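Trainee: give me a 3D structure for the following:
(2 chains)
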Number of protein chains: 2
Amino acid sequence: MRHQLLLCMLVFTTLLIAEKSVVAQTKTVAERLGYPADTRLVIVHADDLGMSHSINEATIKAFSSGLVNSGSIMMPCSWVPEIAAYARANPQADLGLHLTLTSEWQKYRWRPLLAGGSVQSLLDADGYLYLTESEAASHLNVLEAEKEIRAQIERATKLGIRPTHLDSHMGTLYQTRELFEMFVRVARENKLPIRVAKDMSGRMPFLSQILKPEDILIEGIVSIEPSVTAEGWANFYIDELKKLPPGVTELVIHIAYDDAEMKAVTFEHPNWGAAWRQRDFDFFTSDAFRKVLAESHIKLITYRDLQKLQYGM
Amino acid sequence: MRHQLLLCMLVFTTLLIAEKSVVAQTKTVAERLGYPADTRLVIVHADDLGMSHSINEATIKAFSSGLVNSGSIMMPCSWVPEIAAYARANPQADLGLHLTLTSEWQKYRWRPLLAGGSVQSLLDADGYLYLTESEAASHLNVLEAEKEIRAQIERATKLGIRPTHLDSHMGTLYQTRELFEMFVRVARENKLPIRVAKDMSGRMPFLSQILKPEDILIEGIVSIEPSVTAEGWANFYIDELKKLPPGVTELVIHIAYDDAEMKAVTFEHPNWGAAWRQRDFDFFTSDAFRKVLAESHIKLITYRDLQKLQYGM
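Mentor: Have a look, this model is predicted:
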């Protein structure tokens, strides 16, 4: 009798879970977050935290405006203690890790957290991480990359950062199927959502084979490109925001001041350079941005919301 | 007959070498450099290169004045590529290595070149080098410190830096007899003179037991202290320069701009802070400094001169 009761409860529970899972899969992310299906939801995400003081200072200032509401940290960089102190003092901040396997500037470079011998395939001839994502992806041993990104997650935890999500600096972890597969596996283990959107499947044909139904896939990513002129900066974003589809879009932005440090970091590299980042700071802390959000009925959400949805945290 | 001739030549050569060595030891460093014994010789040495862009930029500017003529580089820091490019473009520059076993600021920190496991004793709880020289010296295993400083020398060579001398950031390698002994041994092996002065023997009673007669010992080191006010800055240096003893003195200075980056690096630490470093920049590129050098008949020399003397390079 007792066994039959237990069996009965087990079957019932299994049915309940299955039911919930089916519901989860048929509802949109917006609906699962409690919004009508046609709501336009945006994460305003600043990349590259910890890379320089200029980035940290400008992004923290932008966070305080409430208009930039998410960001991710590059653990191998020397300005991490500054942003880690911010993370500890602002535990509600939506901070993830910008997993770093490249070091792209000329005058200012960084090494992996793990040393030479154990991650040799991640290093260029000068002992730094590779300059580009394609060089990195073509040289690296996936097991060594996995060791390094695990070390980055571990160090974040050690410094009191409680990441809400993961993404990949310069997209290195999206370059090959093997890398992306490993990235997704490490993210799931750590119960962290990753930056991944439906509109990535064109250049990542393996996407649908790796993601599971329970992985959250946002609609799209908006990121400004070098072809946009300085004068057209605000209009580019305003146009993109006005024509957003329903669902979740991530605006991937790069914020810093156009100061001596940032000019030297991005020396001879106007793309994603100091002036570029100042323009992002200016727009994303402006009344024009606030206005277009209100007029287009766009709601801001964070990766913390997606983490809660996917992992119940 | 042939053997006798060879033997005779050998004896003669040995006598010549011995004679030269005795002469070397009885002459002062100034005389050995070809100056009258009472000449006042000065090395104007900027520390901490590679630590920040502000330091690199201000020091390179000061080098161009000709009044600051030596400096040393911190290999674990991220701005090393900028100063390494300068070193490659200016092979005559007198650049040494500021061997680094501490990471002293709050918001901006660095790790050793070697990783965690292999140099565990060099790391604080956050995985960075210790904040102070005394913490570093009391925790570190001398063998691990040796591995790390050898890695720093090796990396410099890899980046095309040809160091002319070695010193120690925050003096960590002068803290104990064991560390200093190891430091001297590594320096001799690499044929590099080190920063060591007669006036150090008070706080380093083991000095005379470790140095050999052929090691070059300069007269003294002048370094400004926190007790000097901003208003008294130039006068401190002018007074010190006017009363210099004959022989070689090293002015150990810290040059940077009082800008946003340097203010953030030295956050809440006025000693050796951004304004301090700007004052050093201002004085050591000033006409007042040029004037006191001329009026006091002070000649500038570099570590390259001392390296030539000690190792014939």
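
Trainee: got a list of what the closest residue to chain B within chain A touches?
Mentor: Closest contact between chain A and chain B, by CB to the nearest CB, is at A:A115 (2.7 Å). The C-beta positions use only the backbone N, C-alpha and C, and glycine is treated the same way. With contact taken as CB atoms under 8 Å, 6 or more residues apart in numbering or on different chains, A:A115 is in contact with B:L113, B:L114, B:A115, B:G116, B:S118.

Trainee: return the alpha-carbon coordinates of stretch A:251-268 using CSV.
Mentor: Extracted C-alpha coordinates of stretch A:251-268, given in CSV (Å, rounded to 0.1, in the frame of the first residue of the first chain):
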residue,chain,number,x,y,z
LEU,A,251,22.1,46.2,-27.0
VAL,A,252,25.8,45.4,-26.8
ILE,A,253,27.6,48.7,-26.2
HIS,A,254,31.1,49.9,-25.3
ILE,A,255,31.4,52.7,-22.8
ALA,A,256,34.4,54.8,-21.7
TYR,A,257,35.7,58.3,-21.7
ASP,A,258,37.7,59.7,-24.6
ASP,A,259,40.6,60.4,-22.2
ALA,A,260,44.4,59.9,-22.3
GLU,A,261,44.3,56.4,-20.9
MET,A,262,41.6,55.2,-23.3
LYS,A,263,43.2,56.9,-26.3
ALA,A,264,46.4,55.1,-25.4
VAL,A,265,44.7,51.7,-24.9
THR,A,266,43.0,52.0,-28.3
PHE,A,267,46.0,53.6,-30.1
GLU,A,268,45.6,53.6,-33.9
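
Trainee: centre of the chain to it, how far?
Mentor: Relative to its chain's centre, stretch A:251-268 lies at 19 Å (CA atoms, centre = their mean, to the nearest Å).

Trainee: near chain B, which residues of chain A show up?
Mentor: A:52-54, A:57, A:77-82, A:85, A:106-111, A:113-116, A:118, A:126-128, A:155, A:158-159, A:257, A:259-261, A:264-265 (CB under 8 Å from any CB of the partner chain).

Trainee: for ChimeraX, write the select line for the buried members of those.
Mentor: The buried residues among the residues of chain A next to chain B can be selected in ChimeraX (16 or more other CB atoms under 10 Å in any protein chain shown) with this line:
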select /A:52,53,54,57,77,78,79,80,81,82,107,108,109,110,111,113,114,115,116,118,126,127,128,155,159,257,259,260,261,264,265
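
Trainee: give me the number of residues near the closest residue to A:L131 other than its chain neighbours?
Mentor: Excluding the flanking residues, the one nearest A:L131 by CB to CB, 6 or more residues apart in numbering or on different chains is A:E104, at 5.5 Å. The number of residues packed near A:E104 is 21, by other CB atoms under 10 Å in any protein chain shown.

Trainee: in stretch A:297-312, what's buried?
Mentor: Buried residues in stretch A:297-312, counted by 16+ other CB under 10 Å: A:I298, A:L300, A:I301, A:T302, A:Y303, A:R304, A:D305, A:L306, A:Q307, A:L309, A:Q310.

Trainee: show me what contacts A:R277?
Mentor: A:S54, A:I55, A:A58, A:H254, A:I255, A:A256, A:Y257, A:D258, A:M262, A:T266.

Trainee: the same query, at a cut-off of 10 Å, please.
Mentor: Going by CB atoms under 10 Å, 6 or more residues apart in numbering or on different chains, A:R277 touches A:46-48, A:52, A:54-55, A:58-59, A:253-258, A:262, A:265-266.

Trainee: helix/strand/coil for it?
Mentor: helix (DSSP: H, G, I helix; E, B strand; the rest coil).

Trainee: can you name the helix or strand that the closest residue to it other than its chain neighbours falls in?
Mentor: The shortest distance from A:R277 to any non-neighbouring residue, by CB to CB, 6+ apart, is to A:A256 (3.7 Å). Per DSSP states H and E: A:A256 is located in neither a helix nor a strand.

Trainee: my read: A:A256 touches A:N56, true?
Mentor: Yes. At 8.7 Å, A:A256 counts as touching A:N56 under the criterion of CB atoms under 10 Å.

Trainee: sketch out the low-pLDDT regions of chain A for me.
Mentor: Counting by pLDDT under 70, chain A has low-confidence residues at A:1-25, A:116.

Trainee: and the longest strand along it, which residues are buried?
Mentor: In chain A, taking DSSP state E as the definition, the longest strand is strand A:40-49. For strand A:40-49, burial by neighbour count (16+ other CB under 10 Å) applies to A:R40, A:L41, A:V42, A:I43, A:V44, A:H45, A:A46, A:D47, A:D48, A:L49.

Trainee: tell me the contacts of the fourth one?
Mentor: Translated: A:I43. For A:I43, the contact set (CB under 10 Å, 6+ apart) comprises A:68-70, A:94, A:165, A:195, A:218, A:221, A:248-252, A:300-306.

Trainee: let's see that with 7 Å instead.
Mentor: A:N69, A:S70, A:V248, A:E250, A:I301, A:T302, A:Y303 (CB atoms under 7 Å, 6 or more residues apart in numbering or on different chains).

Trainee: ditto for the fifth one
Mentor: Under the criterion of CB under 7 Å, 6+ apart, the contact partners of A:V44 comprise A:L67, A:V68, A:N69, A:S70, A:L251, A:I253, A:F284, A:L300.

Trainee: what bridges to it?
Mentor: Legend: beta-bridge partners of A:V44 under DSSP bridges are A:L251.

Trainee: doesn't A:R40 make contact with A:I298?
Mentor: Yes. In this structure, A:I298 is within contact of A:R40 by CB atoms under 7 Å, at 4.8 Å.

Trainee: mind listing the shared neighbours of those two?
Mentor: By the contact definition CB under 7 Å, 6+ apart, A:I298 and A:R40 are jointly contacted by A:L244.

Trainee: so after the longest strand of chain A, what's the next helix or strand?
Mentor: Sequence-wise, the next helix or strand downstream of strand A:40-49 (DSSP H and E) is helix A:53-65.

Trainee: which parts of that next one are buried?
Mentor: Neighbour-count burial for helix A:53-65, with 16+ other CB under 10 Å as criterion, is recorded at A:H53, A:S54, A:I55, A:N56, A:E57, A:A58, A:T59, A:I60, A:A62, A:F63.

Trainee: so which residues of the stretch 201-313 of chain A form strands?
Mentor: For the stretch 201-313 of chain A, the strands defined by DSSP state E, counting those that start in this stretch occupy A:220-222, A:247-253, A:298-300.

Trainee: run through who's touching the longest one.
Mentor: With CB under 7 Å, 6+ apart as the contact definition, strand A:247-253 has outside contacts at A:28-30, A:41-47, A:195, A:197, A:218-223, A:280, A:284, A:301.

Trainee: so how far is that strand off the chain centroid?
Mentor: With CA atoms, centre = their mean as the basis, strand A:247-253 stands 10 Å off its chain's centre.

Trainee: quick one: that strand to strand A:40-49, angle?
Mentor: 30 degrees (axes from the mean of the first three to the mean of the last three CA atoms, to 10 degrees).

Trainee: quick one: strand A:247-253 to helix A:53-65, angle?
Mentor: Using the same axes, to 10 degrees: strand A:247-253 against helix A:53-65 is 140 degrees.

Trainee: A:H98: what secondary structure?
Mentor: strand.
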